[in-house]
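1. Fold the following for me, if possible:
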Amino acid sequence: MRWSIILSLLLFQSLNLYKADTYDRLVGSSYDTLLRKRFVAPETDPSIVILDIDERSLQQMSTDHGRWPWPRDTLASVLEYLEKSGAAAVVFDILFSDEDVINQVADATFADSVTRSSSSFFPVLRLDQSLDKFSEVNVTMLPGFATPLNEKHTKITDSEPRVAVIPPVFEAVISTGRLGFHNMYPDVDGVNRHYRLWEDIGSSWRLNSLPVRMAHSFGWSLPAGPNQLMSFQLKPDAYPTVSFFDVWVASQRRESHSSSSDFKDKIVIIGSTAPNLFDIKVTPLSPIQPGVQVLANAIDNLKNGDFVRTLDKSAQWLIGAALLLLMVYGSKKLSVAKMRWAILLAPSGLIGVSFLVLNFGDVFIDQTAAASQAFIFFTSMTLYASWRNQFFSTPPRPRSNDMFCTSIVFAAKATSLNLNEVIDAINRMADNYAILQSGFTAGTTVGVRGPYYAILLSPDKISESAMRTSLYIGESSPCIFKVDHMNPELTEFLSEADTLSDLAWPFIGRALIQWEKGDDRLSIT
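-> Below you'll find the model as predicted:
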């Protein structure tokens with residue numbers, strides 16, 4: 001029974017890991033809940049600030065510039081102001097995909113500002129790979145966004161692969177070479193837990209995300225793989241924001257000296273938290289987290305190497321298998337009463353380990369499956385052990401008239417024996433038996449567990465050595481007080497006994513007297 005359950009759980013675990021991929025391994029896991037309940041998280045990088053096109057900015061700017069999108073000379077003024085203030089990087093979380101046919105002069109002003117800029121970064125929208133074959137955009141048209149994987153790949157031709165993207169409409173923006181996609185790719189349940197840092201096109205080209213393009217410029221280290229589990233902050237609005245309107249007003253007044261220190265050496269991300277601009281992402285922290293906050297989190301994780309590591313499939317399988325074996329050992333050593341506690345404590349302990357490691361480490365050890373397996377296993381084993389204890393407390397019935405009936409009274413010298421272990425041990429001597437553990441009250445309130453009484457039916461007499469060998473459980477050497485080999489005719493008495501205690505107490509009574517005297521010498525009749 002025990003091994004049947006374990007093998008079934010191990011098979012289920014193996015199939016589940018085999019089918020899982022990067023974007024669904026955490027679906028249904030405890031990761032989201034533990035992340036929200038976390039009390040320790042990496043500190044937000046103080047150099048990252050969000051220039052927020054918030055509701056206040058939309059309202060204040062509408063008087064002179066109308067509804068969003070505003071004429072792009074407003075962005076040009078802010079870009080120049082931030083660079084004069086010493087910003088290390090100005091990252092636009094705004095897609096410049098169309099010309100402003102009404103304000104062409106404003107577009108020209110923005111293009112001039114970008115040309116003079118040395119620290120601005122711009123997004124590209126990556127479309128589905130299935131559309132690549134229909135695209136007219138060649139990877140060579142977007143320098144910086146697409147980079148060759150092989151350093152020897154220097155001979156670039158028009159036959160290079162095409163990619164389906166929505167690039168910036170400004171040639172000045174493309175010419176900077178500071179481009180990267182800002183797509184978020186949710187897991188299969190729609191929650192954004194991972195960030196895709198790059199995408200390889202065949203074996204020759206790589207498309208970079210905005211954070212990776214920044215990493216190339218600033219010399220940040222890149223992780224081994226493109227799909228990284230994000231280490232979110234404690235709150236969905238963890239990164240500080242400054243209203244776009246305030247900076248725009250300052251840029252118009254040329255207050256460079258009074259405000260320059262606010263942005264010196266900062267990574268300024270220009271984006272929006274306004275709900276009506278619909279840059280909203282579903283994350284483990286919130287179903288409506290602003291996308292610009294998620295981008296800031298990704299840049300922070302990459303810059304400081306704070307992405308959460310996960311175990312590969314082989315490591316997860318080995319941990320799961322080891323835990324299942326530990327459950328087998330525990331089920332043999334624990335009494336039924338303790339196994340009832342294990343139904344709740346074992347899963348809670350496994351989830352607790354994941355929670356603590358997530359708080360104080362940089363790795364998430366997903367114990368959701370193991371916790372579920374522990375709950376199923378200990379529930380099943382508790383029910384089975386309870387049934388087995390009840391079943392083997394019923395007197396055995398002779399299968400023939402020539403069976404030998406052996407009764408044994410025994411206990412452990414140093415530690416108490418587990419009834420489930422004892423049943424397993426007795427099973428090695430005979431397959432037709434019954435067993436119970438005596439109990440009595442010391443004084444009026446204290447319950448004491450006494451020695452065991454077992455009655456076995458077998459074709460032959462069971463020797464003392466066989467008894468001691470079978471009853472040697474762990475480090476507990478058995479103390480056998482009394483063994484009686486009944487005549488075959490006496491087995492008819494078993495048919496008349498209603499309960500095992502009817503047979504046990506005469507033997508246990510004598511054994512208790514012997515136990516009280518400290519005499520553990522074997523007595524066989």
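2. Need phi/psi at the closest residue to R116 other than its chain neighbours.
-> Once flanking residues are discounted, R116 sits nearest to E80: 7.6 Å by C-beta to C-beta, 6 or more residues apart in numbering. The C-beta positions use only the backbone N, C-alpha and C, and glycine is treated the same way. When quoted as degrees, to the nearest 10, the phi and psi of E80 stand at phi -60, psi -40.
3. Show the pLDDT at E80.
-> At E80, the model reports a pLDDT of 93.
4. these two touch, right, it and S251?
-> Yes - E80 is within contact range of S251, at 7.1 Å (criterion: C-beta atoms under 8 Å).
5. Between those two, which is the more surrounded one?
-> S251 (21 against 18; other C-beta atoms under 10 Å).
6. Spatially nearest residue to that one, not counting backbone neighbours?
-> Sequence neighbours aside, Y81 is the residue nearest to S251 in space, at 3.7 Å (criterion: C-beta to C-beta, 6+ apart).
7. same thing with S286?
-> Computed as C-beta to C-beta, 6+ apart, the closest residue to S286 that is not its neighbour in sequence is P236, at 4.2 Å.
8. Contact partners for the one you found?
-> Going by C-beta atoms under 8 Å, 6 or more residues apart in numbering, P236 touches T283, L285, S286, Q289, P290, Q293.
9. Now for those residues: which two are most distant?
-> Greatest spatial distance in the contacts of P236: L285 and P290, 11.0 Å, computed using C-beta to C-beta.
10. Compare these two and say which one has the larger neighbour count.
-> The residue with more neighbours, out of L285 and P290, is P290; 27 against 23, by other C-beta under 10 Å.
11. any idea how far the residue nearest to S286 lies from D279?
-> 13 Å (C-beta to C-beta, to the nearest Å).
12. do S465 as well
-> Counting by C-beta to C-beta, the gap from S465 to D279 is 79 Å.
13. still on that earlier bit, now the contacts of P236 in JSON lines, please, with extra columns for distance to L75.
-> Listed next are the contacts of P236 as JSON lines, based on distance: C-beta to C-beta, whole Å:
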{"residue": "T283", "distance to L75": "27"}
{"residue": "L285", "distance to L75": "29"}
{"residue": "S286", "distance to L75": "28"}
{"residue": "Q289", "distance to L75": "24"}
{"residue": "P290", "distance to L75": "19"}
{"residue": "Q293", "distance to L75": "20"}
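14. Quickly name whichever of those is closest to L15.
-> Here the nearest of those to L15, counting by C-beta to C-beta, is T283; it sits at 29.1 Å.
15. Then the closest one would be within a strand, right?
-> No - with DSSP: H, G, I helix; E, B strand; the rest coil as the criterion, T283 is located in coil rather than a strand.
16. Contact partners for I288?
-> Taking C-beta under 8 Å, 6+ apart, we find I288 in contact with P275, I280, V282.
17. Same question for G180.
-> Taking C-beta under 8 Å, 6+ apart, one finds F121, P123, V124, G144, F145, N208, S209, L210, P211, V212, R213, M214 in contact with G180.
18. Can you tell me how far the fifth one is from L131?
-> I take that to be F145. In this view, F145 and L131 are 17 Å apart by C-beta to C-beta.
19. So these two - more neighbours on which side?
-> Remark: of F145 and L131, F145 carries more neighbours, 27 against 12, as counted by other C-beta under 10 Å.
20. could you measure that one against F39, distance?
-> Separation of F145 from F39 (C-beta to C-beta): 39 Å.
21. for L222, same thing?
-> Distance of L222 to F39, given as C-beta to C-beta: 30 Å.
22. more crowded one of these two?
-> Neighbours around L222 and F39, counted as other C-beta under 10 Å, are more numerous at L222. The numbers are 16 against 7.
23. ok, and the closest non-adjacent residue to the more buried one?
-> A215 (6.0 Å).
24. I figured the one you found hits L302, correct?
-> Yes - at 5.8 Å, A215 and L302 qualify as touching, with contact defined as C-beta under 8 Å.
25. Which one of these two is surrounded by more residues?
-> Taking other C-beta under 10 Å, A215 and L302 do not tie; L302 has more neighbours (25 against 19).
26. Now that one. Nearest residue, chain neighbours left out?
-> The shortest distance from L302 to any non-neighbouring residue, by C-beta to C-beta, 6+ apart, is to P211 (4.5 Å).
27. Check what pLDDT the one you found gets.
-> pLDDT, P211: 97.
28. does it sit in a helix or strand, and which one?
-> Using DSSP states H and E, P211 falls within helix 210-218.
29. Repeat that for L34.
-> Counting by DSSP H and E, the element that carries L34 is helix 31-37.
30. Which stretches in the stretch 201-350 of the chain count as strands?
-> Ranges of strands in the stretch 201-350 of the chain, per DSSP state E, counting those that start in this stretch, are 205-208, 227-229, 241-243, 267-271, 280-281, 289-290, 309-310.
31. Format the ones you listed as TSV; extra columns: distance to T74.
-> Shown next, in TSV, are the strands of the stretch 201-350 of the chain (distance: least, C-beta to C-beta, whole Å):
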stretch	distance to T74
strand 205-208	28
strand 227-229	34
strand 241-243	13
strand 267-271	11
strand 280-281	23
strand 289-290	20
strand 309-310	42
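32. Adding distance to F360 and mean pLDDT, write those out as a markdown table.
-> Output for those, formatted as a markdown table (distance: least, C-beta to C-beta, whole Å; pLDDT from 0 to 100):
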| stretch | distance to F360 | mean pLDDT |
| --- | --- | --- |
| strand 205-208 | 32 | 94 |
| strand 227-229 | 17 | 93 |
| strand 241-243 | 29 | 95 |
| strand 267-271 | 27 | 97 |
| strand 280-281 | 27 | 94 |
| strand 289-290 | 24 | 95 |
| strand 309-310 | 14 | 88 |
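33. closest one to L350 among those strands?
-> Of all those, it is strand 309-310 that lies closest to L350, at 16.1 Å by C-beta to C-beta.
34. Run the chain-centre distance for that closest one.
-> In terms of C-alpha atoms, centre = their mean, to the nearest Å, the centre of strand 309-310 is found 9 Å from the chain centre.
35. do stretch 363-381 as well
-> Centre-to-centre, stretch 363-381 and its host chain are 12 Å apart (C-alpha atoms, centre = their mean).
36. for that stretch, what is the average pLDDT?
-> 87.
37. residues of it that come out buried?
-> 364-381 (16 or more other C-beta atoms under 10 Å).
38. What lies in contact with that stretch?
-> The contact list for stretch 363-381 (C-beta under 8 Å, 6+ apart) reads 1-2, 5-6, 9, 13, 16, 25-26, 28-31, 229, 308-311, 316, 319-320, 323-324, 327, 331, 339, 342-343, 346-348, 350-351, 353-354, 357-358.
39. Now that stretch - C-alpha only, CSV.
-> Only the C-alpha atoms of stretch 363-381 are listed here, as CSV (Å, rounded to 0.1, in the frame of the first residue of the first chain):
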residue,chain,number,x,y,z
VAL,A,363,16.1,31.2,-5.5
PHE,A,364,12.5,29.9,-5.4
ILE,A,365,12.3,26.2,-4.5
ASP,A,366,8.8,25.3,-5.6
GLN,A,367,7.4,22.9,-3.0
THR,A,368,3.7,23.1,-4.1
ALA,A,369,3.7,19.7,-5.7
ALA,A,370,5.6,18.2,-2.7
ALA,A,371,3.2,19.7,-0.3
SER,A,372,0.3,18.3,-2.2
GLN,A,373,2.0,14.9,-2.3
ALA,A,374,2.7,15.0,1.5
PHE,A,375,-1.0,15.8,2.1
ILE,A,376,-2.2,13.0,-0.1
PHE,A,377,0.3,10.5,1.2
PHE,A,378,-0.1,11.1,5.0
THR,A,379,-3.9,11.3,4.6
SER,A,380,-3.9,7.9,2.8
MET,A,381,-1.4,6.3,5.2
